[in-house]
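> Please work out how this folds:
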Amino acid sequence: MTLQQMRYFIAVAQNLSFSKAAQQHYVSQTAVSQQIKLLEEELETELFQRTRHSVALTSAGQVFYEYAVRITDLAEDAARRTRAAAAECSTPLEIGMMSGMENLPILEKLLLFKEQHPAIPLHFHLVDFPTLKKRLQQKKLDFALQLELVPLEDTPPCCVLK
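Residues are numbered from 1 along each chain as shown. Coordinates of the predicted model:
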């Protein structure tokens with residue numbers, strides 16, 4: 001049995017019509033009928049009671065309907081989540097930091113981000129400033145964090161974190 005057969009089956013069950021199910025899936029009524037027949041053969045039971053003017057689910061068809069809806073929903077959810085995970089980030093985000101920054105609050109925030117978004121791999125590189133600058137120029141890092149000590153004008157000699 002295939003997901004497509006289940007989708008056709010669900011459409012027939014919801015519309016109680018092979019022709020409406022075929023229209024819904026942009027295929028011929030014959031294609032839907034053949035796939036339902038293959039499904040019934042595989043399950044070794046009739047899923048629909050057919051008369052010349054109506055279609056109704058058998059008791060076995062009702063049981064199968066409940067499972068088919070759950071299975072197709074799960075398959076669609078699996079596909080959606082897989083695409084989302086692939087779209088988030090498959091290559092690691094390379095973050096360069098100057099040695100000495102490992103105790104600053106920014107690192108805690110980055111580690112929290114990593115916890116909250118496990119699908120986005122983060123690689124940290126603690127290096128000295130010349131190495132940080134070189135790796136950034138070589139495009140081996142996606143971004144870099146550095147401390148710059150700047151003297152304040154019109155104040156006694158001291159340094160501030162910029």
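> ok, longest helix in the protein?
Assignment by DSSP state H gives helix 59-88 as the longest helix of the chain.
> Show the subsequent helix or strand relative to that helix.
Per DSSP states H and E, the first helix or strand lying C-terminal to helix 59-88 is strand 93-98.
> Name the next helix or strand downstream of that following strand, please.
Next along the chain after strand 93-98, taking DSSP H and E as the criterion, comes helix 105-116.
> which other residues reach that following helix?
95, 97, 101, 120, 122, 124, 145 (C-beta atoms under 8 Å, 6 or more residues apart in numbering). Backbone N, C-alpha and C define where each C-beta goes, glycine included.
> mind running it again at 7 Å?
Residues outside helix 105-116 that contact it (C-beta atoms under 7 Å, 6 or more residues apart in numbering) are 95, 101, 122, 145.
> Show me which of these are buried.
Burial by neighbour count, 16 or more other C-beta atoms under 10 Å: within the contacts of helix 105-116 this picks out 95, 122, 145.
> L93 is in contact with the second one, correct?
Same thing as L122. Yes. With contact defined as C-beta atoms under 7 Å, L122 counts as touching L93 (5.2 Å).
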